[in-house]
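Visitor: curious how this folds, go ahead:
(one chain, ligands or ions: 1)
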Amino acid sequence: MKRAGVLSGLLGAALALAGTVVPSSTASAAAPPAAAGAAASPAAACIGDDGGTKKVQVLYVRSPAGADRYAEMADDFNQMANQVGNVVNKSALKTGGELNIRYARNADCSVGIGNVVVSSTTNIMDFDAIVRDLESKGYDRTDRKYLVFAQTAAFCGLAARGTFDSGPSYAMVGTGCWSWNAAGHELLHTLGAVNPDAPHGTPGGHCWDDPDIMCYDDDGKPATYPLQDLCPKAFGDDIDCNSDDYFSAHPPAGTWLADHPRSNVAKSPFLTTSTKYHVLYTGEKTVATARAGATAYVTKYQSEAGWTAKAKVVTSSGSPFHSSVLAVRTSAGTRYVPPAGVPRGSAAHVTIDMDTVLDVKLCQGNATAKSGCTATWW
Ligand SMILES: [Zn+2]
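Guide: So this is what the prediction gives:
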């Protein structure tokens, strides 16, 4: 799809969204606030809690005349943002790194979704007008890249190509393109992708070595820069086919990307090497009904079609969570992390350390409730 209208200097998204296979789930696993009087426990850490101050801030933006869809969409925006981060990390892993997007997050580690209503005189169909309105509201920080879910059908995605190390920059997706890959495409533009001088770059700031979230035939002329399938079509929209144009954690010496670090989004200070998601459960739920020998299950839901994995907290004889092993099964294999044990009758403290953001539900169950929870704690 093409963006509507012509806005000079902007980079439109033309994304084939249909049939896209989502590589993994992105739902956030939010840790509830610690219960009063809960046992001492390590501080919760979110992805990107590494002291870095440059962050991507997500905003939902509508005109006062538009319906307020914040409550309806906030979770979806959260998942889309996390999915972009997951795909960034998958790309970093290809070149021996671990990177995620340092989002501005809430205290519970969910991605903060700003709720912005522009002025009644601001044209919600106009990228530049939205930017001016956001600037007037203080969304103009140099340490921010703004990922804007704009409530308008006037365009799919728009962004001005930014620099890898400073803001403000604005990535916008319109209602018809409220998807993680459109959001990721525009956000990558604000981080500098793709330099037209890159080996497979186009004058329009995209690329032609597909499949790649940034690649499409942006001049619409088959004779110039036609798309070529140079990478396996694993996930549909991967980041930087062959890691040679705009994203490599470790570009080999002598390559174009090694010689142009400012064109390498992987070197952006808006990314973080803090990719682990520490979910600390210090809920108010009292472990009462699960008895020795019973089993509490942590159930993980993947939005990826085809499978739903589950993990269980294997109980010891003493209490539901003593010296247990928490097995989290993912498509990449089984990971084991030790939850902190607590005696029956007190709150459960479970730290889950994962490579990607997963939607985890800790629930109380039993052997006959493996496929579901008898009580969901969070
Ligand atoms: Zn684009």
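
Visitor: so where's the protein uncertain?
Guide: Within the chain, the stretches falling below the threshold (pLDDT under 70) are 1-45, 234-237, 276-378.

Visitor: Three-state assignment for residue 61, please.
Guide: Following DSSP: H, G, I helix; E, B strand; the rest coil, we place residue 61 in the strand state.

Visitor: quick one: it from residue 188, how far?
Guide: Note on residue 61: its distance to residue 188, by Cβ to Cβ, to the nearest Å, is 20 Å. In this view, the C-beta of every residue, glycine as well, is placed from N, C-alpha and C.

Visitor: next: residue 128.
Guide: For residue 128, the distance to residue 188 equals 21 Å [Cβ to Cβ].

Visitor: neighbour-wise, which of those two wins?
Guide: Neighbour tally, residue 128 and residue 188, criterion other Cβ atoms under 10 Å: the higher count belongs to residue 188, 26 against 14.

Visitor: are we agreed that the more buried one is in a helix?
Guide: Yes: membership of residue 188 in a helix is supported by three-state DSSP.

Visitor: got a list of what it touches?
Guide: Contacts were defined as Cβ atoms under 8 Å, 6 or more residues apart in numbering; by that measure residue 188 touches 194, 213, 214, 239, 246, 247, 265.

Visitor: reformat those residues as CSV; add distance to residue 77.
Guide: Below are those laid out as CSV (distance: Cβ to Cβ, whole Å):
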residue, distance to residue 77
194, 25
213, 18
214, 21
239, 20
246, 24
247, 23
265, 21
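
Visitor: of those residues, keep whichever come out buried.
Guide: Buried subset of the contacts of residue 188 (neighbour count, 16 or more other Cβ atoms under 10 Å): 194, 213, 214, 239, 246, 247, 265.

Visitor: specify the beta-bridge partners of the residue nearest to residue 103 when sequence neighbours are not counted.
Guide: Sequence neighbours aside, residue 111 is the residue nearest to residue 103 in space, at 4.7 Å (criterion: Cβ to Cβ, 6 or more residues apart in numbering). For residue 111, the beta-bridge partners are residue 105 (DSSP bridges).

Visitor: hang on, the earlier thing: nearest to residue 166, of the buried ones among the contacts of residue 188?
Guide: Looking at the buried ones among the contacts of residue 188 and their distance to residue 166, the nearest is residue 265, at 13.5 Å (Cβ to Cβ).

Visitor: was I right to think the closest one contacts residue 249?
Guide: No: contact criterion Cβ atoms under 8 Å: residue 265 and residue 249 do not qualify, at 10.3 Å.

Visitor: and the helices in the stretch 151-300 of the chain?
Guide: Secondary structure of the stretch 151-300 of the chain (DSSP state H, counting those that start in this stretch): helices at 180-190, 256-259.

Visitor: hang on, the earlier thing: state the distance from the residue nearest to residue 103 to residue 78.
Guide: Counting by Cβ to Cβ - residue 111 and residue 78 are separated by 5 Å.

Visitor: what about those two, which has more around it?
Guide: With other Cβ under 10 Å as the criterion, residue 111 and residue 78 differ in neighbour count, and residue 111 comes out ahead with 28 against 23.

Visitor: what about residue 57, which SS state?
Guide: Once three-state DSSP is applied, residue 57 turns out strand.

Visitor: beta-bridge partners for it, please?
Guide: For residue 57, the beta-bridge partners under DSSP bridges are residue 146.

Visitor: and if you look at residue 171?
Guide: In this structure, residue 171 has the following beta-bridge partners (DSSP bridges): residue 147, residue 159.

Visitor: sorry, back to before: just the contacts of residue 188: which are in strands?
Guide: By the criterion of DSSP state E, membership of those in strands covers no residue at all.

Visitor: now, which of the buried ones among the contacts of residue 188 sits nearest the ion?
Guide: For the ion, the nearest member of those is residue 214. The distance, counting by Cβ to the ion, is 6.6 Å.

Visitor: who are the contact partners of the closest one?
Guide: Residue 214 makes contact with 185, 188, 189, 193, 194, 206, 207, 239, 240, 245, 246, according to Cβ under 8 Å, 6+ apart.

Visitor: do you know how far the second one is from residue 263?
Guide: In other words, residue 188. Taking Cβ to Cβ as the measure, residue 188 falls 12 Å from residue 263.

Visitor: shared neighbours, those two?
Guide: Common contacts of residue 188 and residue 263, defined by Cβ under 8 Å, 6+ apart, comprise 194, 246.

Visitor: one step back: just send the helices of the stretch 151-300 of the chain back as CSV, with distance to residue 199 too.
Guide: Compiled in CSV, the helices of the stretch 151-300 of the chain are given as follows (distance: least, Cβ to Cβ, whole Å):
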stretch, distance to residue 199
helix 180-190, 17
helix 256-259, 5
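
Visitor: what's the closest of those helices to the ion?
Guide: Taking Cβ to the ion, helix 180-190 is the member of these nearest to the ion, at 5.5 Å.

Visitor: that closest one vs strand 55-62, what angle?
Guide: In terms of direction (axes from the mean of the first three to the mean of the last three Cα atoms, to 10 degrees), helix 180-190 departs from strand 55-62 by 120 degrees.
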